[in-house]
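Novice: Quick one: sequence and predicted model below, then my questions.
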Amino acid sequence: MGIKKVKANTPGRREATFDDFKDITKSTPEKRLVVIKKKRGGRNSTGKITVRHRGGGAKRYVRLVDFKRDKFNVEATVAAIEYDPNRGARLALLHYADGEKRYIIAPINVGVGDKLMSSKELIEIKNGNALTLQFIPAGMPVSSVELEPGKGAQIARGAGNVVYVMGVEGKYAQIKMPSGEIRLVKKECLCTVGQASNPDKRHISLGKAGRSRHLGIRPTVRGTAMNPVDHPHGGGEGKQSIGLKHPKTMWGKPALGVKTRKKRHSDRLIVKRRAKRK
């Protein structure tokens with residue numbers, strides 16, 4: 001993927017950058033592997049807004065991605081590299097030897113015509129192949145990592161995300177997460193060799209509010225710009241600071257830098273915490 005700029009014909013295009021889509025080889029998705037995305041506007045099953053600033057946006061299809069890679073020891077050919085509007089990484093369309101088709105999250109340097117395979121045994125360690133962590137050499141970059149064997153990939157699925165295998169000892173593999181955290185994962189968990197595709201996604205600048213609306217992101221208003229009835233930070237004459245001992249959320253809970261992670265049983269699997277913000 002590359003980043004392209006356009007002529008500054010309008011203020012909105014002056015700072016905007018765009019994806020050049022040069023790595024895309026197929027423009028329409030596989031019909032049997034898509035479903036219509038139902039929008040909920042950030043509301044739960046009772047109609048209450050649980051995620052703010054969601055709504056609108058362009059219509060999309062959800063691509064049915066194979067996160068489990070459970071078609072073992074059957075060779076597949078990469079038929080196409082496709083765009084997915086629901087994620088930053090590219091998708092690879094696999095045609096298996098028995099005729100089945102599946103989408104996977106494409107790692108970098110995987111192209112049309114490549115032969116890929118998933119296995120719980122030792123196979124060739126190359127970008128796109130899926131193996132259990134016990135067979136991955138120390139220092140190897142991987143993505144789409146499982147947290148529990150057979151549950152499906154949960155770690156490092158986003159554009160450009162990468163996890164490094166630090167080593168395997170006993171029944172656990174030690175991995176370095178994208179956040180810098182080092183944790184233990186069962187060595188039977190599957191992962192895909194190679195960094196997730198499209199690492200330049202983070203450099204795209206939307207440039208104008210309209211592009212956010214197309215993505216289904218609604219405007220965010222600062223608490224200090226509200227009235228006291230609407231937010232604890234609201235009120236005052238002119239542009240005021242927050243004026244509280246601790247910043248608060250709209251509902252009066254501590255905010256901005258407060259730890260929210262509760263004590264979990266998985267804490268024992270964390271070898272080193274992620275780096276603190278400065």
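Specialist: Looks like it arrived, so ask away.

Novice: Name the residue closest to the centre of the chain, please.
Specialist: If you average the C-alpha coordinates of the chain and look for the closest C-alpha using Cα atoms, centre = their mean, you land on residue 158, 2.7 Å from that point.

Novice: so what's that residue scoring on pLDDT?
Specialist: Reading off the per-residue confidence, residue 158 sits at a pLDDT of 94.

Novice: dump the residue contacts of it.
Specialist: Counting by Cβ atoms under 8 Å, 6 or more residues apart in numbering, residue 158 makes contact with 87, 88, 89, 196. In this view, the C-beta of every residue, glycine as well, is placed from N, C-alpha and C.

Novice: Tell me the most packed of those, by neighbour count.
Specialist: For those, the largest number of neighbours (other Cβ atoms under 10 Å) sits with residue 196, at 28 neighbours.

Novice: related to what we said a few turns ago, helix, strand, or coil at the residue nearest to the centre of the chain?
Specialist: At residue 158, secondary structure determined by DSSP: H, G, I helix; E, B strand; the rest coil is coil.

Novice: Okay, and the nearest residue to residue 15 once chain neighbours are set aside sits in which element?
Specialist: Taking Cβ to Cβ, 6 or more residues apart in numbering, and ignoring the residues beside it in sequence, residue 15 has residue 207 as its nearest neighbour in space, at 4.8 Å. Applying DSSP states H and E as the criterion places residue 207 outside every helix and strand.

Novice: all strands of the stretch 151-278 of the chain, in order?
Specialist: Defined through DSSP state E, counting those that start in this stretch, the strands belonging to the stretch 151-278 of the chain, from first to last, are 153-155, 163-169, 172-176, 182-186, 190-193, 270-272.

Novice: Ok, which of these comes nearest residue 139?
Specialist: Of all those, strand 163-169 sits nearest to residue 139, with 6.4 Å by Cβ to Cβ.

Novice: show me the contacts for the residue of the chain positioned farthest from its centre.
Specialist: Largest separation from the mean C-alpha position in the chain: residue 237, at 41.7 Å (Cα atoms, centre = their mean). Neighbouring residues of residue 237 by Cβ under 8 Å, 6+ apart: there are none.

Novice: For it, give me the pLDDT.
Specialist: Note for residue 237: predicted pLDDT of 90.

Novice: shaky segments in the stretch 151-278 of the chain?
Specialist: Low-confidence segments of the stretch 151-278 of the chain (pLDDT under 70): 276-278.

Novice: can you give me the helices for it?
Specialist: 209-214 (DSSP state H, counting those that start in this stretch).

Novice: Which residues are in contact with the residue nearest to residue 15?
Specialist: Neighbouring residues of residue 207 by Cβ under 8 Å, 6+ apart: 12, 13, 14, 15, 16, 17.

Novice: Then residue 172?
Specialist: In this structure, residue 172 makes contact with 184, 185, 186, 187, 269, judged by Cβ under 8 Å, 6+ apart.

Novice: what do you get for residue 142?
Specialist: Per Cβ under 8 Å, 6+ apart, neighbours of residue 142: 133, 136, 156, 162, 163, 164, 165, 175, 191, 192, 193, 194.

Novice: Is residue 134 part of a helix or strand, or is it coil?
Specialist: Secondary structure of residue 134, reduced to three states by three-state DSSP: helix.

Novice: My read is that it contacts residue 188, right?
Specialist: Yes: taking contact to mean Cβ atoms under 8 Å, the distance of 7.1 Å between residue 134 and residue 188 places them in contact.
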